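Student: Okay, sequence plus prediction incoming.
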Amino acid sequence: MPESRPHPAASSTSARPGERSSAESGMAYVIAVAVLAVLTILGVSLVLVTQAEVVSGGQERTMEKTFYGAEAGLQLSVARALAEGDFSPSVHERASTGLASGELTEIRDRVETSTFICQGEIPCDLCAINQGRSFA
């Protein structure tokens, strides 16, 4: 039986199962470095987005605290004006404790209201104190 030899062109283009061709050597390293670079960029961008969200959340919390503090001070002044008839300016303060720069500190919220000026002679029906009354 004649001995069969592989075709010369086939032996130069195909590699044995355990061998690598010169075009494939180092490709795994290049792919690994590219994947690590992409993951590093993704991680850095996530850190930056998270940091921006933390700053934004802190600013929103400060704005809400300021708004609700001012609204509470105004409501106290309106209640005093309606209940006692005192339309003079007033100052309302509230003390609390909180963390500032990693230390427990005392925080004071202060709301100052100016003098209330009556705009009309007849009370409006919008106030809760005037509901159910008729002014003729």
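Tutor: Structure's in. What do you need? Numbers count the residues shown, from 1 in each chain.

Student: quick one, longest helix in this structure?
Tutor: helix 27-84 (DSSP state H).

Student: Which strands or helices does it pack on?
Tutor: Applying 3 or more Cβ pairs under 8 Å, 6 or more residues apart in numbering; DSSP states H and E, we find helix 27-84 packed against strand 90-100, strand 103-113. All C-beta atoms are positioned from the backbone trio N, CA, C, and that covers glycine.

Student: can you redo these as JSON lines with distance to Ile31 and mean pLDDT?
Tutor: Below are those laid out as JSON lines (distance: least, Cβ to Cβ, whole Å; pLDDT from 0 to 100):
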{"stretch": "strand 90-100", "distance to Ile31": "47", "mean pLDDT": "78"}
{"stretch": "strand 103-113", "distance to Ile31": "49", "mean pLDDT": "80"}
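
Student: re the thing from before, the longest helix of the chain relative to strand 103-113, how many degrees between them?
Tutor: 40 degrees (axes from the mean of the first three to the mean of the last three Cα atoms, to 10 degrees).

Student: circling back to that earlier point, any chance of the helices and strands packed on helix 27-84 in CSV, with distance to Leu48 and mean neighbour count too?
Tutor: Formatted as CSV, the helices and strands packed on helix 27-84 follow (distance: least, Cβ to Cβ, whole Å; neighbours: other Cβ atoms under 10 Å):
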stretch, distance to Leu48, mean neighbour count
strand 90-100, 24, 11
strand 103-113, 27, 12
